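Trainee: Give the three-dimensional model of this entry:
(2 chains)
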Amino acid sequence: MADVKSGDIVVPGDQLCVIEELMPGFGTYEQDGIVYAATSGGVSIDLKDRSIRVLEGDGSMRLALPVRGDIVIGEVTNAWEQRAEVTIVKRNDKDVLSTFIGEIHISNVTRRFVKSMGDVLRKGDIVRATVLNTHEIPVQLSLVGPELGVLGAKCVKCGYELTLTTYNNLICLRCENRETREVAKDYGAMFGIETRQDLAPRRRSYDDRRHDRRGGPRDRDGGRFSRRFDDRRDSRGRGRRDRHRR
Amino acid sequence: MSPEVKPDSLLNAEGLRFDGRRVDELRPIQMEVGVLKTADGSASIRQGKTYILAAVYGPRELHPRHLTLNDRAYLRVVYRMATFSVPDRKRPAPSRREREISMVIANALQPVLFLEQYPKAVIDVFIQVIQADGGTRCAAINAASLALADAGIPMRSLVPSVAVGKAEGTLIVDLGDEEDKYGQGDVPLAILPGTNELTLLQQDGSFTREELMEAMQMGVNACKYLHELQKDALKRSYSKKTPEGVDEELDDYEDDLETDLGEADIMEDE
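Mentor: Purely as a prediction, here's the structure:
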């Protein structure tokens, strides 16, 4: 069997076994049919997989790069229509020594359809995310899950902290601006912002469409205002054509 | 440091060096791993009066971005001497010598690293000479390879390094400052202990072909010893990290018995 057993402390260059015995995993390398240790740490042999790895005492990897499944906290430094950039400052509740840039694609923000990144994430938000790739730069992040999402956000108009009202709806208590974010379950807990259920946006009945004139998503789906607008354009076009005919 | 005086002779009648060492004897060496809190990996080395700190950061994002390599990581080594590390104050601006030694150390370390595993990243190695007493580039390579291992960066092996020199016609291992200054030359070298490949070989002064070959052999032997010291230092950092190491080792032992049983089962199935 192998030259080492599980739990042995090895250093880079130590011979572990031959390639026929065990597959080289993380922290090992193979050269001329012999598996050597590439990092220092404890040997862990998996006889089900028939693989060998070199890990820390607690089964983690020493390398400074995030691995898949790590929970990271960072600040959104840039947000575009399709993707956002996050500066990662904490990894698994420990400060990282040199910050990383993480990327969030819009498809990894939530399971439902999102039209624009601006509806779920904006520059300056503090987010908790999970890592999707292992030992790679740039780090891909995902916000899918109740624990993950925005932990703190600021009003785009006045910069005041936003207060959560109900699910993903936020309000600025200073300028009463309403915004939406993809929030985590414990939004604001880190900054001491309490949830204000009473400030939830009131639901309007479908007949009450006075406010729709100022534009909004419902207009494009055939709201009264847009239809009227279309009509007018149609009539004008017809008018021009008519004039032509004359 | 007191002002230097040139020793009357570097070798005495009994064949001992002026500091009492045999010709193939290294200076007392202390290596310690994990000395810096805010570095991903760090190590210090004390070799005679030489004292060097090495810190490794990364793999991390490379700034400035235009240096990024798309197929492998960039290895950035910075060797610096403190202003107080030598008897005459060293001017703090990076000197040509420092830049060259940085490059030489990077070249000595590059063959052991799996840089292609981390494209677009950078591995930063900062080497600070706190006190210089000869052999700093070799001691720096020893410390840097330990710091890289401490950072968990995959590497083929540790890199031991030592300088062999010539004083009064005799080859001597691990030069001190005086031997370096008043001797006839030196050959710093670094090896990969697994395969005896050389990753650093420089020469200063004149050596005959036979002398050079013998110097290299002496250097390789000294490197083998240094490699054992490095391994020891690295393993010591692990026992230090787990204070209840004794208990854990016992646990591990029990696990081993279980795994052995597991294997026996598999064999039976087959």
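
Trainee: use CA for all of it now, contacts and neighbours both
Mentor: OK.

Trainee: Now B:Val164: closest residue in space, sequence neighbours ignored.
Mentor: Counting by C-alpha to C-alpha, 6 or more residues apart in numbering or on different chains, B:Val173 is the residue found nearest to B:Val164 once chain neighbours are left out, at 4.4 Å.

Trainee: quick one, what contacts the one you found?
Mentor: Neighbouring residues of B:Val173 by C-alpha atoms under 8 Å, 6 or more residues apart in numbering or on different chains: B:Val23, B:Asp24, B:Glu25, B:Leu26, B:Val162, B:Ala163, B:Val164, B:Gly165, B:Met218, B:Gly219, B:Ala222.

Trainee: who in the stretch 1-150 of chain B is up against chain A?
Mentor: Contact residues (C-alpha under 8 Å from any C-alpha of the partner chain) of the stretch 1-150 of chain B with chain A: B:38-40, B:57-61, B:118-121, B:149-150.

Trainee: Hmm, B:Val35 is touching B:Ala54, no?
Mentor: No. Look at B:Val35 against B:Ala54 with C-alpha atoms under 8 Å: they stay out of range, at 9.1 Å.

Trainee: Find residues that contact each of those two.
Mentor: B:Ser42, B:Ala43, B:Ser44.

Trainee: Among the residues you listed, name the ones in helices.
Mentor: Nothing among these maps onto helices, per DSSP state H.

Trainee: Include distance to A:Glu103, neighbour count and pLDDT when you put those residues into CSV, please.
Mentor: Formatted as CSV, the shared contacts of B:Val35 and B:Ala54 follow (distance: C-alpha to C-alpha, whole Å; neighbours: other C-alpha atoms under 10 Å in any protein chain shown; pLDDT from 0 to 100):
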residue, distance to A:Glu103, neighbour count, pLDDT
B:Ser42, 30, 29, 96
B:Ala43, 33, 30, 97
B:Ser44, 37, 27, 97
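
Trainee: Between those residues, which sits nearest chain A?
Mentor: Among the shared contacts of B:Val35 and B:Ala54, B:Ser42 lies closest to chain A (C-alpha to the nearest C-alpha), at 13.0 Å.

Trainee: Mind telling me which residue of chain A is nearest chain B?
Mentor: A:Gly13 (4.0 Å).

Trainee: Got the phi and psi for that residue?
Mentor: A:Gly13 has phi and psi values of phi 100, psi -10 when expressed as degrees, to the nearest 10.

Trainee: which of the residues of the stretch 1-150 of chain B next to chain A are buried?
Mentor: Buried by 16 or more other C-alpha atoms under 10 Å in any protein chain shown: B:39-40, B:57-61, B:118-121, B:149-150, out of those.

Trainee: So among the residues you listed, where is pLDDT lowest?
Mentor: pLDDT across these is lowest for B:Gly58, at 86.

Trainee: In a helix, that one, correct?
Mentor: No. Counting by DSSP: H, G, I helix; E, B strand; the rest coil, B:Gly58 falls outside a helix, being strand.

Trainee: ok so, going back, spatially nearest residue to the residue of chain A closest to chain B (excluding sequence neighbours)?
Mentor: Spatial nearest neighbour of A:Gly13, chain neighbours left out: B:Ser157 (4.0 Å); criterion: C-alpha to C-alpha, 6+ apart.

Trainee: just checking, that neighbour touches A:Ala38?
Mentor: Yes. Counting by C-alpha under 8 Å, B:Ser157 touches A:Ala38, with 7.0 Å between them.

Trainee: Mutual contacts of the two, please.
Mentor: In contact with both B:Ser157 and A:Ala38: A:Val11, A:Pro12, A:Gly13, using C-alpha under 8 Å, 6+ apart.

Trainee: could these be laid out in TSV, adding neighbour count and pLDDT?
Mentor: Below are the shared contacts of B:Ser157 and A:Ala38 laid out as TSV (neighbours: other C-alpha atoms under 10 Å in any protein chain shown; pLDDT from 0 to 100):
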residue	neighbour count	pLDDT
A:Val11	27	93
A:Pro12	28	94
A:Gly13	25	93
